[in-house]
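Q: Give me a 3D structure for the following:
(one chain, ligands or ions: 2)
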Amino acid sequence: MKYLVQFVVMFCLVPAGLRGQSSFEITGELRSRVEAIDNSDFNSERLDGRVFVQNRMRLGVERNFARGIGLFVQIQDSRLWGEEGTSLASIDAIDMHQAYVNIEHIANSDIVVRIGRQELHFGSGRLIGRYDWHNVGRAFDAINLEIGRTDEQQLSVWSAIIRSNTAAHIMRNQTFSGAWFSTKRWPRATVEAYGLLFFDGRNYDSLTDLSVPIARSEDGDNHLLFWTFGSRIVLEIGKNMHLEFEGAYQIGERGPLDIRAFGYAVDGGYRFSTALSPEMQFGYTFGSGDSDAIDTEIGTFSSLFADAHTTLGNMDYASWSNTSSFYFGIEFQPTTNFEFGGTLHFIALAEDNDAFYSAEGYLLGAPNEVLRRAVPGAGTSVGRELDFYGMLHLRERLKIEAGVSLFMVDEFMKNTGGLRADDSFRGYLGLQVGF
Ligand SMILES: [Ca+2]
Ligand SMILES: [Ca+2]
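A: Ligands and ions are numbered 1, 2, ... in the order given. Predicted structure coming up:
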């Protein structure tokens, strides 16, 4: 509630003299989604089926003043229907999702600086994405410089603080910085290059159980630090075809261990100019895994702050870490406001000595990033995921989406999941209004 008060006060107290030369825009989104998920533990012996409704409300105010000063504030309420417990309770589900100031023409240059809490999304979102499917969505406390932005190209340089040891409950700092360049200088092609630096000051000094950070040690030398260098190229071929390639290399250290990892992904699609405008889609994703858990090198590729939902299956099980997965699918677009399709993903591990990592992003550290731990010899084939989905833009502002997915477990899940390793199901129906 206090955010709401700050929010209203901030925008009512702007001096009247400024109003004449400024623009003022209110944007918002209301999204409700019912989901049914069964067997997300891939074990039919334990009953974990559930049906729930999630609600997300976003309300944003943007004001742009003369001489290149702009403000954007966006509050968000993210909740589960029924989490208040009674009809008279009030929980604190409101948060400031974004709140930043934009300043243009710094010292008469072509630099735009954005300071404050903000979404970061680059390329296809494979490494840095806003993860819009999630009921909260990613945002960073960051300073971001856009240098020489034109319609044709863009260079962003940013630094974000994710964990600050100044906060009472946080022991060590975690930061994420980078530079991302994108150009459309060549016709029908987008070329991007980036360098990213992730730092986590916690103490990672265990050689054998790599997944447990010892947060309270005073030894600052056992931190995690790694660079990601990569490139992404999107090509439009002819009228109907597109091809996309992204590759990245990671180098760094976690405590006494060296990090050497790489990943690449290829996606493509061909749209037929026939009735229903079907598009054939395919893709392959490789992210290196760690072949030897007790040597001095980490080979697991980090998916950083990925939006895996859009690239590696609607069920959000697979990630870009330790994976060798491909998919093919077909999507129909009978009208500009209606699309539906189906995709089949074949999800496998790159190394069966390494774990199956969660789609929410693996940062080479915390134990909760593992969906299933490594069991050497359990095989590499994790499962096949079949997704059906549809999306309809109804009237001007209303979007309806629905889908069903089935994850069919293969040898890795069967060999690591006990006797009753079994398939997982997910269905959803969502309604979104934007304004
Ligand atoms: Ca179960
Ligand atoms: Ca290793």
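
Q: center of the protein - which residue?
A: Centrality entry for the chain: nearest residue to the mean C-alpha point is residue 307, 2.4 Å, by Cα atoms, centre = their mean.

Q: Could you report the separation of the closest residue to that one other than its chain neighbours from residue 40?
A: Spatial nearest neighbour of residue 307, chain neighbours left out: residue 129 (2.6 Å); criterion: Cβ to Cβ, 6 or more residues apart in numbering. Every residue, glycine included, has its C-beta placed from N, CA and C. Distance of residue 129 to residue 40, given as Cβ to Cβ, to the nearest Å: 22 Å.

Q: Neighbour count for those two, which is higher?
A: In this view residue 129 and residue 40 are compared by other Cβ atoms under 10 Å, and residue 129 has more residues nearby, 27 against 17.

Q: Show the contacting residues for that one.
A: Shown in contact with residue 129 (Cβ atoms under 8 Å, 6 or more residues apart in numbering): 121, 122, 138, 305, 306, 307, 310.

Q: what's the answer for residue 41, then?
A: Here residue 41 is in contact with residue 48 (Cβ under 8 Å, 6+ apart).

Q: Can you classify it by secondary structure?
A: For residue 41, the assignment made with DSSP: H, G, I helix; E, B strand; the rest coil gives coil.

Q: Distance of residue 249 relative to residue 321?
A: Residue 249 sits 14 Å away from residue 321, going by Cβ to Cβ.

Q: To clarify, my last question referred to residue 107.
A: As judged by Cβ to Cβ, residue 107 and residue 321 stand 42 Å apart.

Q: Comparing the two, which shows the higher neighbour count?
A: Taking other Cβ under 10 Å, residue 107 and residue 321 do not tie; residue 321 has more neighbours (32 against 5).

Q: quick one: secondary structure of the more buried one?
A: coil.

Q: Return the residues in contact with the residue nearest to the centre of the chain.
A: The contact partners of residue 307, by Cβ under 8 Å, 6+ apart, come to 121, 125, 126, 129, 130, 131, 132, 133, 138.

Q: what residues does this protein put near ligand 1?
A: Neighbours of ligand 1 within the chain, by Cβ under 5 Å from the ion: 39, 41, 43, 46, 48.

Q: per-residue confidence for the second one?
A: The confidence metric pLDDT takes the value 90 at residue 41.

Q: Now do the phi/psi pair for it.
A: The phi and psi values for residue 41, taken as degrees, to the nearest 10, are phi -90, psi 0.

Q: what's the distance between it and residue 106?
A: Distance of residue 41 to residue 106, given as Cβ to Cβ: 51 Å.

Q: With the last one instead?
A: Using Cβ to Cβ, one gets 52 Å for the distance from residue 48 to residue 106.

Q: do the third one as well
A: As for residue 43, its distance to residue 106 is 56 Å (criterion: Cβ to Cβ).

Q: So those two - more neighbours on which side?
A: Between residue 43 and residue 106, residue 43 has the larger neighbour count (other Cβ under 10 Å), namely 18 against 13.

Q: Would you agree that one is in contact with residue 424?
A: No. The pair residue 43 and residue 424 does not pass the contact test of Cβ atoms under 8 Å, sitting 9.5 Å apart.

Q: Tell me where the stretch 201-350 of the chain is predicted with low confidence.
A: When residues are selected by pLDDT under 70, those of the stretch 201-350 of the chain lie in 205-220.

Q: same thing but at 90, please
A: Within the stretch 201-350 of the chain, the segments meeting pLDDT under 90 span 201-223, 254-257, 292-296, 308-311.

Q: all strands of it, in order?
A: 224-237, 241-254, 257-271, 279-287, 297-298, 323-335, 338-348 (DSSP state E, counting those that start in this stretch).

Q: can you put the ones you listed in JSON lines and add mean neighbour count and distance to ligand 2?
A: Shown next, in JSON lines, are the strands of the stretch 201-350 of the chain (neighbours: other Cβ atoms under 10 Å; distance: least, Cβ to the ion, whole Å):
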{"stretch": "strand 224-237", "mean neighbour count": "18", "distance to ligand 2": "14"}
{"stretch": "strand 241-254", "mean neighbour count": "18", "distance to ligand 2": "11"}
{"stretch": "strand 257-271", "mean neighbour count": "19", "distance to ligand 2": "7"}
{"stretch": "strand 279-287", "mean neighbour count": "19", "distance to ligand 2": "15"}
{"stretch": "strand 297-298", "mean neighbour count": "20", "distance to ligand 2": "5"}
{"stretch": "strand 323-335", "mean neighbour count": "18", "distance to ligand 2": "17"}
{"stretch": "strand 338-348", "mean neighbour count": "19", "distance to ligand 2": "19"}
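
Q: Format the ones you listed as a markdown table; extra columns: distance to residue 187.
A: Converted to a markdown table, the strands of the stretch 201-350 of the chain look like this (distance: least, Cβ to Cβ, whole Å):
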| stretch | distance to residue 187 |
| --- | --- |
| strand 224-237 | 9 |
| strand 241-254 | 14 |
| strand 257-271 | 19 |
| strand 279-287 | 22 |
| strand 297-298 | 41 |
| strand 323-335 | 25 |
| strand 338-348 | 27 |
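
Q: between the residues of the chain next to ligand 1, which is nearest residue 326?
A: Closest approach to residue 326 among the residues of the chain next to ligand 1 (Cβ to Cβ): residue 39, at 23.9 Å.

Q: Pretty sure the closest one sits against residue 49.
A: Yes. Residue 39 is within contact range of residue 49, at 7.0 Å (criterion: Cβ under 8 Å).

Q: Compare these two (neighbour count), which wins?
A: residue 39 (20 against 11).

Q: Name all residues that make contact with the closest residue to that one other than its chain neighbours.
A: Nearest in space to residue 39, with sequence neighbours left out and distances taken as Cβ to Cβ, 6+ apart, is residue 424 at 4.3 Å. By Cβ under 8 Å, 6+ apart, residue 424 lies in contact with 37, 38, 39, 40, 42, 315, 317, 406, 407, 409.

Q: dump the residue contacts of the last one.
A: Applying Cβ under 8 Å, 6+ apart to residue 409 gives the contacts 42, 382, 383, 417, 421, 422, 423, 424.

Q: In helices, which of these fall?
A: Using DSSP state H, no member of the contacts of residue 409 sits in helices.

Q: Surely residue 300 touches residue 319?
A: No. Contact criterion Cβ under 8 Å: residue 300 and residue 319 do not qualify, at 10.4 Å.

Q: show me what contacts residue 200?
A: Contact analysis of residue 200 by Cβ under 8 Å, 6+ apart lists 163, 172, 173, 174, 213, 223, 224, 225, 363, 365.
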